[in-house]
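> Sequence and predicted structure are below.
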Amino acid sequence: MAHDRPDSATELATQLARGMTRALQSRAARLGFSPGQFPVLLELWDEEGLTQRQLLDRVDVEQATMANTLARMERDGLIERRVHPQDKRAQQIYLTDKARAMREDALAVAQEAEDAVFSGFRRFERELMKEYIRWAIANARKL
């Protein structure tokens, strides 16, 4: 018997992540970034000069994914790498003027994407849903 909705939390989480990505994709493309770059932008808007290792720890992705994301961001003129002053083997990541200038618009389109996905939710339902998601993520990180 086929069902219309999956009962697996894993499948539901995957579908939600895909939906959020789709909602952000076209909006982000207009500004010149991709959904996969958004977490890195958020971290660098908060604190520039982070190393790739620090970004890995904060964004929680695989090393290869981060390396590819940073390479694309550099190609797209969003970041620049500078040799770390204390460790010549490491590089610090800085935003370009282009990336700094898009901050407010990028945050706005991310909010639009979230609003689209949570359309029809009352405010408390949206906040409760996000709290449950944070809780599940925290549990998953313990594994």
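Structure received.

> Might you report the residue contacts of the closest residue to Ala106 other than its chain neighbours?
Using CB to CB, 6 or more residues apart in numbering and skipping residues adjacent in sequence, the residue nearest Ala106 is Leu31, 5.7 Å away. (Glycine included, C-beta is placed from N, CA and C.) Shown in contact with Leu31 (CB atoms under 8 Å, 6 or more residues apart in numbering): 102, 105-106, 109.

> For Leu31, report the pLDDT, please.
Model confidence at Leu31, given as pLDDT, is 95.

> do the same with Gln63
Looking at Gln63, its pLDDT reads 95.

> how many neighbours does it have?
By the criterion of other CB atoms under 10 Å, Gln63 has 10 neighbours.

> residue contacts, it?
Residues in contact with Gln63 (CB under 8 Å, 6+ apart) are Leu56.

> next one: Gly77
By CB under 8 Å, 6+ apart, Gly77 lies in contact with 32, 96, 98-99.

> quick one: the residue nearest to Ala106 from Trp135, how far?
To Trp135, Leu31 is 31 Å away according to CB to CB, to the nearest Å.

> Can you name the next helix or strand after the one helix or strand Ala17 maps to?
If you go by DSSP states H and E, Ala17 is part of helix 9-31. Toward the C-terminal end, the helix or strand that comes next after helix 9-31 (DSSP H and E) is helix 38-46.

> Show me which residues of that next one are buried.
By 16 or more other CB atoms under 10 Å, the buried positions in helix 38-46 come out as 38-41, 43-45.

> which residue ranges form the helices in the chain?
For the chain, applying DSSP state H gives helices covering 9-31, 38-46, 52-59, 63-75, 97-101, 103-117, 123-141.

> Reformat those into CSV and put distance to Pro85 next to each item.
Listed next are these as CSV, based on distance: least, CB to CB, whole Å:
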stretch, distance to Pro85
helix 9-31, 32
helix 38-46, 18
helix 52-59, 15
helix 63-75, 19
helix 97-101, 21
helix 103-117, 26
helix 123-141, 32
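
> so of those helices, which one's packed in deepest?
When these are scored by mean count of other CB atoms under 10 Å, the highest mean neighbour count falls to helix 38-46 (a mean of 18).

> Quick one: mean pLDDT over that helix.
The predicted model gives helix 38-46 an average pLDDT of 98.
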